[in-house]
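1. sequence and predicted model, in that order:
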Amino acid sequence: MNNLKTMRVLVTPTSYGRHNPGLKEELESSVDEVIYNTTGKPLSSQQVAELLPGIDGYIAGLDYIDRSALAFADKLKVIARYGVGIDRVDLTAATQKDIIVTNTPGANSASVAELALTMMLMLARQIPVATQELREGEWPRLNGLSLEEKIIGIIGLGAIGKHLAKRLASFNCKIIAYDPYPDNGFAEKNSVGFANIDDVITSSDFISLHLPVLDGTRHFVNASFLDKMKTGAFLINTSRGEIVDESALILALKSGKLGGAGIDAFAKEPPDADNPLLSMPNVVCTPHIGAHTDGATNNMGRMALVECLRVLEGKEPKFRVN
């Protein structure tokens, strides 16, 4: 068994241990040294490259871990992703350097689903507009929408999509979903109707995206997709920014084709200050915080810690992805 007391670990999620300081204490007592990300945001490839020399284990946030960064990994044995997405990790390069990559499936599913539902309700009741006008001394009489009897489309009925469907059940709405690998048992038990992708797009009053970033899902939501949506419908994206063509989305919002959008993930993070999505009154924007709750961060922190230490000890991890 390897001696953990000789090893150095890099930890970059800025929320790591926030709700459970014992995670940091456990990690720091297990290894020789722990280096933390002090920038307050995900690291660029160059920043990762500067930190990797001499590092044995890496508990990684949403950093850009590409081939050029991994070229500086002279001792690295494991990248334990704090979360499920691995689109910013070059798996081919990691595998070629015998670096094991793990993730934390299911750890943040409930929290992301709750944010998606929150965005639906905020948009339906025009909460951002109402709040802003009230702060400006006005007393607006805004007509909102009820989720009751509306059609909610879920694209990607995996762990997060399923949590969202279960939470929507009490709103007496019609839930339809598209997933290339449909779980018919779950759908039947939770009153979810599977449909083809075009029917979900054209029928839904709200569409919530829960997709991984793959070659076939980049700009999955493009001008053609948005044109098929109901006029006045709403789009929610709590997955990845690369899924949505932001230019097309901005045009659809400005033209009135869409009633609004909820965006937790941007094509560029953080987005530029002049990104039009940040100033639109019918858009709810959050800084990729879907997984930032006490429950999710505790779950992800624990799972990533266990996976990282298992690999450093020479054991096989439970959630290996390469």
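-> Noted; the coordinates are in hand. None of these values were measured; they are calculated from a predicted model.
2. which parts of the stretch 1-150 of the chain are helices?
-> In the stretch 1-150 of the chain, helices defined by DSSP state H, counting those that start in this stretch lie at 21-30, 45-51, 67-70, 91-96, 109-124, 127-135, listed in chain order.
3. of all these, which one is nearest Pro276?
-> Across the helices of the stretch 1-150 of the chain, Pro276 has its closest neighbour in helix 127-135 (15.0 Å, Cβ to Cβ). Using the backbone N, CA and C atoms, a C-beta is placed for each residue, glycine as well.
4. pull that closest one out as PDB, backbone CA atoms only.
-> Taking Å, rounded to 0.1, in the frame of the first residue of the first chain, the C-alpha atoms of helix 127-135 are listed here in PDB:
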ATOM      1  CA  ILE A 127     -40.300  37.400  -9.900                       C
ATOM      2  CA  PRO A 128     -37.100  39.300 -11.300                       C
ATOM      3  CA  VAL A 129     -39.200  42.000 -12.900                       C
ATOM      4  CA  ALA A 130     -41.600  42.300  -9.900                       C
ATOM      5  CA  THR A 131     -38.600  42.600  -7.500                       C
ATOM      6  CA  GLN A 132     -36.800  45.200  -9.600                       C
ATOM      7  CA  GLU A 133     -39.800  47.400 -10.100                       C
ATOM      8  CA  LEU A 134     -40.800  47.200  -6.500                       C
ATOM      9  CA  ARG A 135     -37.300  48.300  -5.500                       C
END
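5. how about that helix: buried residues?
-> Ile127, Pro128, Val129, Ala130 (16 or more other Cβ atoms under 10 Å).
6. need those in CSV (columns: distance to Leu157 and pLDDT).
-> Below are the buried residues of helix 127-135 laid out as CSV (distance: Cβ to Cβ, whole Å; pLDDT from 0 to 100):
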residue, distance to Leu157, pLDDT
Ile127, 27, 96
Pro128, 28, 93
Val129, 31, 94
Ala130, 32, 96
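7. still on that earlier bit, any chance of a markdown table for the helices of the stretch 1-150 of the chain, columns distance to Gly314?
-> A markdown table is the format used below for the helices of the stretch 1-150 of the chain (distance: least, Cβ to Cβ, whole Å):
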| stretch | distance to Gly314 |
| --- | --- |
| helix 21-30 | 14 |
| helix 45-51 | 24 |
| helix 67-70 | 21 |
| helix 91-96 | 18 |
| helix 109-124 | 30 |
| helix 127-135 | 51 |
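8. pick the most buried one from the ones you listed.
-> helix 109-124 (a mean of 22; mean count of other Cβ atoms under 10 Å).
9. so what secondary structure elements neighbour it?
-> Secondary-structure packing of helix 109-124 (3 or more Cβ pairs under 8 Å, 6 or more residues apart in numbering; DSSP states H and E): helix 159-168, strand 206-209, strand 233-237, strand 258-263, strand 283-285, helix 294-312.
10. among these, which is nearest Leu76?
-> Closest approach to Leu76 among these (Cβ to Cβ): helix 294-312, 10.2 Å.
11. which residues touch Asp205?
-> Asp205 is in contact with Leu145, Lys150, Ile151, Ile152, Lys230, Ala233, Phe234, counting by Cβ atoms under 8 Å, 6 or more residues apart in numbering.
12. number of nearby residues for the residue lying closest to it once chain neighbours are set aside?
-> Of all residues not flanking Asp205 in the chain, Lys150 sits nearest, at 4.3 Å (Cβ to Cβ, 6 or more residues apart in numbering). Lys150 has 20 neighbouring residues, counting by other Cβ atoms under 10 Å.
13. surely Lys150 touches Phe206?
-> Yes. Here Lys150 reaches Phe206: they are 6.6 Å apart, a contact under Cβ atoms under 8 Å.
14. and the protein, what are its domains?
-> For the chain, the structural domains run 4-107+293-312, 109-285, going by automatic domain parsing.
15. so which of those gets nearest Asn322?
-> domain 4-107+293-312 (4.6 Å).
16. now do that closest one: distance to the chain's middle.
-> Centroid separation for domain 4-107+293-312 versus its chain: 17 Å, with Cα atoms, centre = their mean, to the nearest Å.
17. how about stretch 172-180?
-> On Cα atoms, centre = their mean, the centre of stretch 172-180 falls 20 Å from that of its chain.
18. tell me which residues of that stretch are tucked away?
-> So, applying 16+ other Cβ under 10 Å, buried residues of stretch 172-180: Cys173, Lys174, Ile175, Ile176, Ala177, Tyr178, Asp179.
19. got it, and stretch 138-147?
-> Using 16+ other Cβ under 10 Å as the test for burial, stretch 138-147 gives Leu145, Leu147.
20. what's it in contact with?
-> Counting by Cβ under 8 Å, 6+ apart, 120-121, 124-126, 129-130, 133-134, 168, 171-173, 205-206 sit against stretch 138-147.
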